[in-house]
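**Q** this one's sequence-less:
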C-alpha cells in the first residue's frame, strides 16, 4: 500500500477488499496497537462532527495519542502554509495526520515531501476515501458480495466527495450502478446515460444511496426548491413502500430531513444511516493499521 | 438510578446521599474504572471553564477516553439538530455525553430516544444537577448533616440553575432555607415569604450561598446598579465580620468581585469557593460511576 | 530550581546546562514519568501551532494527562480574570499550566499566589524561555560548547521574545554575540555597538539566528518593504553561499519565506529550522521534569 491514502485511486481492488476484511475483524473485537508510542493529529479546516469524531475514536481504540489541532488558533493565522504546518507537526513527532481542507487536491503540495502518513478526510469537491470505504463495507456486510447488485446513487453527484469514487469502485467490484438527480449536477456525460427516473428504479434497486445536498447555496445552481427536490429526487414515504424487502437506504449524513429523505424514514428498518457511522470507526481503524504497519 | 442525570428531580434523597458518600470515597483516594474501554464527550454550547474542566478531570481520573467536541466546528454549523448530533456520537461509540446548552430542557428531545448516558451540565435557566450536588457535598463536609442548618440563598434566584434545586434538596434534607435578593428575581410567591433583609440574617445563618449575577444584562431587569447591588445584597467586609465563627460562604463562580462579594473576601478563611471547585471533581466522578455501573 | 519557569532569568547557568543535558537524555530515548497521575493544561491566548503542539507531545511522552483549554470558550468570556481562571484550574487538580498571553509579564499576577507550576509559553514582547532553551540546545548539539562561538542575531530584536534572553544567555555561556537589523528595532543602545552589516559578518559567523518579523504591521515601524528587508537583512541565496562550511542557520518559525530567508534555503543542508522544532519537544520534557520533580 502507498504511504498516504488521499484518493480511492490509491487502492487496488485487492487492497480495498483487504481493508473491508480488516474492518470486519475490528468489528468482531480484534485488538491491534502499534508497537511504539504513536501520535496522530486531525486537521479539520471545515466543520465536521462525524468524520472527525470517528477518526478520534478509531485512533484511541488503536492506542494512539491524539494531539489536538484547532485550525482557528493555529499559526495558519500568521500566514503559515499548509505545507509548513504539516512539516512542523512532523518535526514535533506526529506520525499520522488526517486532513480535511476546502481546497481540491490540497494534498498535492504534501505528497512526496513529508514523511508522516496522510489520510484525506475530504478535499473540496474531491475525494473522501474513508467515506467510500465505509459505504462499501456497509454494502458488503449486508449482501456478502458486490457482483450483480443494483445500486442507485441519487442527488448531487457533482459536489459529492464520494459519488464518483463509489461509482468507480462499485463498478470495478461488479455492481451495476445507476444515477438519478438534477442533470445540472451530473459529473460527466457518461452519467447522463445511466440517468433514471427515481420512480422507475425504486422497486428494483438493492441499495439506494442518497447524497447530501452539500450546501443550501447549491440549490441556486438548479431551478428547483427543497420541496420540489424532495418530490422529484427524495425518498418519500410512498417511494419507500415500493422498495424490495431486502433493499437498504444509505446516506453519508448529516441528513437534510424532508429533503433527501422523509424525516420518518431516517431511522426506519431499512435505513443503514447510523450503521454507516458505526462502520466508519472500523474502517478508519483498518486504514490506520494498514498505513502504520508499513 | 435513572439512565440520565438531567435534573435533581431524577434523584431520590437516598440516591443523593449515596452520591455524596461516593464522592467522599473518591476524595479519600478510592480508585474505580469501568471494566471496558469507555468514551465520554463534553458538548458545551456555552462558555465554561470550571464545569467543563471539572468533568474532563473527573473522566480521566476514572480512566475514560475523552473525545473532543467543539460546538464551533461541528456539523451543527451545517444545520444538524442536537438529536442528530448526539445520535451520531452514540453510533460512533460514545458512552456518556455531558451537555451544556442555552435552551431550557434541551434534553427533552433526547431522553428515551438515545442509548448513551446524558449528564446535564446546565440548560438555559433550568437545571445544573452536578453543581447542586457539589454544593450539598460541601455543606455536608462542613457540618456533617443538614438537619437544623440555616441556609441563606442570596441573589438572582430566577436565572440561577441551582437556586431552585438547592432549595428543594436542602429542604427535603432537613435544612431551613431562606432567601434574599431583589424581588424581581424571585422564582415564585413562596420565595417572597422567605425573603429576608441580608442584614437581619447574616449573624444567624450557617451557610451564606451567594448566587452569580448571570449576565450584566440581568441588571436591566432590576432598577439597581452593580454598586447598589453590592451594598444591598452583596457580602461586604462589614457584613462578613458579623457572621458566626462556624458559618461558611459559598458561590458557584465565576465571581463578580465587589458585586456579589467583596474582592478581599473571595479567599477568606470562611470562603469555600475554591473548595467547591475541588469537590466538583469528586461529585462528577461519583455521578459518572453511578451511571456507568448500571 | 524555582517553582515556575517564566523567564530565562529564573535559571542559573548551571540549571541551563542541566536542562540541556536532560534534553539530550530524552533525545537518546530516556523515559521518565511522574510517580502520581499528573494533569497539565495549555492556556494559549494567542495563535500557536509549534509551541502548543510541542508541549502537548512533550506532556504525553511523560505520561501526563492533558486537559483541553480553549480560551475562546472559557469563562474569560464571562469576564473572569486570568488569576481566577488559573486558581480554578488549580482547585480542579491541574498540576502544571503552560501559558501564552499577549500581555507582557502576565505572570506577575500569578507568581507567589498559585501553587501549581507555571511555564511561560510567551508573554507579549517579553520572554519565551523554552524557545531560548531549545535554541541553546540546538547550538550545543552542533558545536559541543558555546565558548568562542560567533553568533549573529538578525532582525526584529525589539519585538522578539527570544533575542534578548538568547543574547544574555549566550554571552554568559561564553559566546560572542553580534546583531544586525533595522536600528528602529534595537532593544537598547548597547545593541547599536554590536551592530554589523550582514554582508560583513556572513562569512565569519558560526550561527546565523534569523528572527521572525512578528507581524506585518511591524513593517510600519520602519521605512522598508518586505522585499527591501530581504535584500538588506534577509538570508539570500548569494549570502548563504558565502557562509562557512560548518555554520548553521536558525529561525524560530513560522518563517516568512523570501523575507527573513529565501524560500529555497528553508530546508537547505545548514538549516536547523525543523531540527529546532524537534529539539523543542526534548527541551520541554526536560523543563516539565525539572518542575514536577521538586
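**A** In hand now; what should we look at? The shown structure was predicted, so the numbers you read here are calculated from the model rather than taken from an experiment.
**Q** so what's the residue nearest the centre of chain A up against?
**A** By C-alpha atoms, centre = their mean, chain A has its centre lying nearest to residue A:131, at 1.8 Å. Contact analysis of residue A:131 by C-beta atoms under 8 Å, 6 or more residues apart in numbering or on different chains lists A:51, A:122, A:161, A:162, A:252, A:280. In short, each C-beta sits where N, CA and C put it, glycine included.
**Q** Ok, residue A:38 next?
**A** So, once contact is read as C-beta under 8 Å, 6+ apart, residue A:38 ends up touching A:63, A:64, A:65, A:95, A:96, A:292.
**Q** Among these, name the ones in helices.
**A** residue A:292 (DSSP state H).
**Q** Nearest to residue A:197 among the contacts of residue A:38?
**A** residue A:96 (44.4 Å; C-beta to C-beta).
**Q** What residues are bridge-paired with the closest one?
**A** residue A:40, residue A:117 (DSSP bridges).
**Q** if I pick it, what's in contact with it?
**A** By C-beta under 8 Å, 6+ apart, the residues touching residue A:96 are A:38, A:39, A:40, A:41, A:64, A:116, A:117, A:118, A:119, A:288, A:291, A:292.
**Q** Going by neighbour count, which of these comes out on top?
**A** residue A:288 (27 neighbours; other C-beta atoms under 10 Å in any protein chain shown).
**Q** still on that earlier bit, can I get the contacts of residue A:38 in a markdown table with pLDDT?
**A** A markdown table is the format used below for those (pLDDT from 0 to 100):
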| residue | pLDDT |
| --- | --- |
| A:63 | 97 |
| A:64 | 98 |
| A:65 | 98 |
| A:95 | 98 |
| A:96 | 98 |
| A:292 | 97 |
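**Q** Which single one of the contacts of residue A:38 is nearest to chain C?
**A** residue A:65 (4.9 Å; C-beta to the nearest C-beta).
**Q** any idea how far that closest one is from residue B:138?
**A** Between residue A:65 and residue B:138 the computed distance is 36 Å (C-beta to C-beta, to the nearest Å).
**Q** Same drill for the two, tell me which one is more crowded.
**A** Remark: of residue A:65 and residue B:138, residue B:138 carries more neighbours, 24 against 20, as counted by other C-beta under 10 Å.
**Q** Could you tell me the end-to-end distance of stretch A:212-232?
**A** One end of stretch A:212-232 to the other measures 15 Å (C-alpha to C-alpha, to the nearest Å).
**Q** Now flag whichever of the contacts of residue A:38 is closest to chain B.
**A** Each of the contacts of residue A:38 was scored against chain B by C-beta to the nearest C-beta, and residue A:63 proved nearest at 10.0 Å.
**Q** Now for the closest one, how many residues are close by?
**A** 12.
**Q** One more: residue A:104?
**A** Look at residue A:104: counted by other C-beta under 10 Å, it has 12 neighbours.
**Q** now it: how far from residue C:279?
**A** Distance from residue A:104 to residue C:279, counting by C-beta to C-beta: 36 Å.
**Q** Look up how far residue A:155 lies from residue A:132.
**A** 16 Å.
**Q** Now do the helix or strand hosting residue A:179, average pLDDT.
**A** Assessed by DSSP states H and E, residue A:179 sits inside strand A:176-180. If you average the pLDDT over strand A:176-180, you get 91.
**Q** Which elements pack onto that strand?
**A** Applying 3 or more C-beta pairs under 8 Å, 6 or more residues apart in numbering or on different chains; DSSP states H and E, one finds that strand A:176-180 contacts strand A:150-154, helix A:163-172, helix A:198-201.
**Q** Give me the angle between the longest one and strand A:150-154.
**A** With axes from the mean of the first three to the mean of the last three C-alpha atoms, to 10 degrees applied, the angle from helix A:163-172 to strand A:150-154 works out at 170 degrees.
**Q** orientation of helix A:163-172 relative to strand A:176-180 in degrees?
**A** 150 degrees.
**Q** all helices in chain A, in order from the N-terminus.
**A** Using DSSP H, the helices of chain A run over A:13-27, A:50-61, A:82-92, A:129-143, A:163-172, A:189-193, A:198-201, A:226-233, A:237-241, A:273-293.
**Q** so which of these gets nearest residue C:261?
**A** With distances scored as C-beta to C-beta, the stretch of the helices of chain A nearest to residue C:261 is helix A:82-92 (12.3 Å).
**Q** Show me what that closest one is packed against.
**A** Counting by 3+ C-beta pairs under 8 Å, 6+ apart, helix A:82-92 packs on strand A:39-44, strand A:96-101, helix C:50-61, helix C:273-293.
**Q** Please repeat the previous calculation with a cut-off of 6 Å.
**A** helix C:50-61, helix C:273-293 (3 or more C-beta pairs under 6 Å, 6 or more residues apart in numbering or on different chains; DSSP states H and E).
**Q** just for chain A, where's the confidence low?
**A** For chain A, the stretches with pLDDT under 70 are A:77, A:187-194, A:215-223.
**Q** So if we follow the domain assignment, how does it break up?
**A** Split into domains by automatic domain parsing, chain A comes to A:8-128+A:279-293, A:129-276.
**Q** end-to-end on the first one?
**A** Chord length of domain A:8-128+A:279-293, first to last residue, is 19 Å (C-alpha to C-alpha).
**Q** just checking, residue A:163 touches residue A:153?
**A** Yes: Residue A:163 lies in contact with residue A:153 (C-beta atoms under 6 Å); the separation is 5.4 Å.
**Q** Roughly how far does residue A:214 sit from residue A:160?
**A** According to C-beta to C-beta, residue A:214 and residue A:160 sit 7 Å apart.
**Q** okay, those two: which has more neighbours?
**A** With neighbours defined as other C-beta under 10 Å, residue A:214 and residue A:160 compare such that residue A:160 has more, 25 against 16.
**Q** For the stretch 51-200 of chain A, what lies in contact range of chain C?
**A** Counting by C-beta under 6 Å from any C-beta of the partner chain, the stretch 51-200 of chain A comes close to chain C at A:65, A:67, A:73-75, A:77-78, A:80, A:85, A:88, A:91-93.
**Q** on that earlier part again, which residues are in contact with each of residue A:163 and residue A:153?
**A** Counting by C-beta atoms under 6 Å, 6 or more residues apart in numbering or on different chains, no residue touches both residue A:163 and residue A:153.
**Q** and residue C:47, which of the helices of chain A is closest to it?
**A** Nearest to residue C:47 among the helices of chain A is helix A:82-92 (11.5 Å), distances taken as C-beta to C-beta.
**Q** Could you tell me which residues of chain A lie near chain B?
**A** Counting by C-beta under 6 Å from any C-beta, the residues of chain A close to chain B are A:47, A:49-50, A:53-54, A:56-57, A:60, A:254, A:274, A:277-278, A:281.
**Q** Most neighbours among these, which one?
**A** Looking at these with neighbours defined as other C-beta under 10 Å, the largest count falls to residue A:54 at 32 neighbours.
**Q** With that, I have no additional questions.
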